[in-house]
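[1] quick one: sequence and predicted model below, then my questions.
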Amino acid sequence: MTTPPFLSSFLRPNPRNVESLQAAWARKLELGYTTRTEPVDEPKGCTRTRCAGVHQGYPGSEHRWALHCLLCNVDIEVFYSHMRERTGKNPAPPRRHKGCKFSGPSRAQVRAARYAELGLPLPAWDADALAHAA
């Protein structure tokens with residue numbers, strides 16, 4: 001988890017991408033995700049027009065990011081847009097990856113315990129887990 005924030009190879013380090021990188025990296029850490037230790041081959045010729053590839057480093061919200069879930073110990077491929085908080089008409093807090101055994105209100109107690117076991121702070125928006133924190 002000590003890897004510094006970095007952009008995918010196809011993103012230019014312009015102010016918008018760097019700002020988005022900081023927000024995405026913080027959310028990744030809140031969710032208990034880390035970058036993968038195994039290299040990921042980025043798709044050749046990928047552009048900002050939604051290639052189907054998985055990327056090493058922050059790839060923007062419309063590309064899949066190669067991460068590792070520390071809570072359930074599996075490699076995942078997730079869109080940052082699925083990790084963000086939803087605002088507007090149907091607000092919702094960020095959500096864990098599909099299939100995570102620590103996801104959802106019914107698993108809040110084990111999620112809180114797992115965060116504590118890993119030495120990670122519980123996210124302020126995870127009210128269910130915070131209610132079970134010791």
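    Yep, that arrived.
[2] contacts for the helix or strand of the chain at the bottom of the mean pLDDT ranking, please.
    One helix or strand of the chain scores below all others by mean pLDDT, DSSP states H and E: strand 54-55, with a mean of 90. With contact meaning Cβ atoms under 8 Å, 6 or more residues apart in numbering, strand 54-55 is reached by 8-10, 40, 42-43, 46, 63-66, 77. Backbone N, C-alpha and C define where each C-beta goes, glycine included.
[3] which of these are buried? Put it as a PyMOL command.
    A single PyMOL command selects the buried members of the contacts of strand 54-55 (16 or more other Cβ atoms under 10 Å):
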select buried, resi 8+10+40+42+46+63+64+65+66
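[4] just the ones of the contacts of strand 54-55 in strands?
    64-66, 77 (DSSP state E).
[5] let me know the closest of the residues you listed to residue 58.
    Among these, residue 65 lies closest to residue 58 (Cβ to Cβ), at 6.7 Å.
[6] next one: that closest one from residue 55, what distance?
    6 Å (Cβ to Cβ, to the nearest Å).
[7] re earlier: now render the ones in strands among the contacts of strand 54-55 as JSON lines, adding distance to residue 18 and pLDDT.
    Listed next are the ones in strands among the contacts of strand 54-55 as JSON lines, based on distance: Cβ to Cβ, whole Å; pLDDT from 0 to 100:
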{"residue": "64", "distance to residue 18": "21", "pLDDT": "91"}
{"residue": "65", "distance to residue 18": "16", "pLDDT": "93"}
{"residue": "66", "distance to residue 18": "20", "pLDDT": "93"}
{"residue": "77", "distance to residue 18": "23", "pLDDT": "93"}
